[in-house]
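Visitor: need a structure here:
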Amino acid sequence: MYTKKLHAGTKFPNINATLLNGENVLLSQPNGDKDWKLVLVYRGRHCPLCTKYLNELEQHIQTLYDAGVDIIAVSGDSKEQLVDHLEELNVSFPMAYGLTEEQMRELGLYISIPRSEKETNHNFSEPGLFVINLDGNIQVVDISNNPFVRPSLPEFVSGINWIRNPENNYPIRGTFQ
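Guide: Purely as a prediction, here's the structure:
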């Protein structure tokens, strides 16, 4: 099976998800005074590595906010699953739910079938990380086919700060075809 991957430098698709309060949000739209957006797609409540990664991300949010990067995390979980997951999470950034398989495919994510109903009750995406710049283009993309391979958050945050520093004039990488 093949997946359509999103390419660095291209427009991030218009994909909506739902926040706990019922608000429908455009994933790529930064809030407040931020002009970039980090969209972190995680597997769901059933994944202890996702829980660990999301909690670790919380330790870096101020640095990302200071760099002008807004954050949202999203999965294919239901509202009820997200509510249950929040008991294990200590995060202040927005969490969204309800990413559909069609949206997962549009993002070029790998999709897995649960091993049993104990894992979860729906197909789910494997991790994806997208940084969308002020032009709505994908500045950074990382897609994995399993929960064990994700960017190191300290290195990722340091890299975003490097990219955002105008003195570095750092272009979008990986666009040569």
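
Visitor: in this protein, what spans have low per-residue confidence?
Guide: Residues of the chain that meet the criterion pLDDT under 70 lie in 1-3, 177.

Visitor: in it, which spans are helices?
Guide: Counting by DSSP state H, the chain has helices at residues 48-58, 61-66, 79-86, 101-106, 153-164.

Visitor: which one of those lies closest to Leu40?
Guide: helix 48-58 (6.8 Å; Cβ to Cβ). (C-beta placed from N, C-alpha, C; glycine too.)

Visitor: pull the residues that contact the closest one.
Guide: Residues outside helix 48-58 that contact it (Cβ atoms under 8 Å, 6 or more residues apart in numbering): 40, 42-45, 71, 73, 75, 85, 88-93, 127, 147-148, 150, 153.

Visitor: can you tell me which of the residues you listed are buried?
Guide: Buried by 16 or more other Cβ atoms under 10 Å: 40, 42-45, 71, 73, 75, 85, 89, 91, 93, 127, 147, 150, 153, out of the contacts of helix 48-58.

Visitor: which two among those residues are spaced furthest apart?
Guide: Arg45 and Leu153 (20.2 Å).

Visitor: picking up where we left off before, want to throw the helices of the chain into a markdown table with distance to His122?
Guide: Listed next are the helices of the chain as a markdown table, based on distance: least, Cβ to Cβ, whole Å:
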| stretch | distance to His122 |
| --- | --- |
| helix 48-58 | 15 |
| helix 61-66 | 28 |
| helix 79-86 | 9 |
| helix 101-106 | 9 |
| helix 153-164 | 27 |
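
Visitor: of the ones you listed, which approaches Leu6 most closely?
Guide: The nearest among those, by Cβ to Cβ, is helix 101-106 at 8.4 Å.

Visitor: so what does that closest one touch, helix or strand wise?
Guide: strand 111-112 (3 or more Cβ pairs under 8 Å, 6 or more residues apart in numbering; DSSP states H and E).

Visitor: please state the offset of the strand it packs on from the chain centre?
Guide: 16 Å (Cα atoms, centre = their mean, to the nearest Å).

Visitor: okay, now the sheet partners of it, with direction.
Guide: Here strand 111-112 has these sheet partners by DSSP bridges: strand 124-125 (antiparallel).

Visitor: give me the contact list for the strand it pairs with.
Guide: With Cβ under 8 Å, 6+ apart, strand 124-125 has contacts from 41, 43-44, 46, 75-77, 99, 104, 107, 109-112, 114.

Visitor: same thing with stretch 170-177?
Guide: With Cβ under 8 Å, 6+ apart, stretch 170-177 has contacts from 7-9, 133, 137-139, 162-163.

Visitor: report the buried residues of it.
Guide: Those would be Ile172, for stretch 170-177 by 16+ other Cβ under 10 Å.

Visitor: using CSV, list the CA coordinates for it.
Guide: Presented in CSV, the C-alpha positions along stretch 170-177 are these (Å, rounded to 0.1, in the frame of the first residue of the first chain):
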residue,chain,number,x,y,z
TYR,A,170,17.2,29.3,6.6
PRO,A,171,15.2,28.1,3.7
ILE,A,172,12.6,25.2,3.6
ARG,A,173,14.7,22.1,3.2
GLY,A,174,14.0,19.0,1.1
THR,A,175,12.3,20.8,-1.8
PHE,A,176,14.7,19.6,-4.6
GLN,A,177,12.9,17.1,-6.8
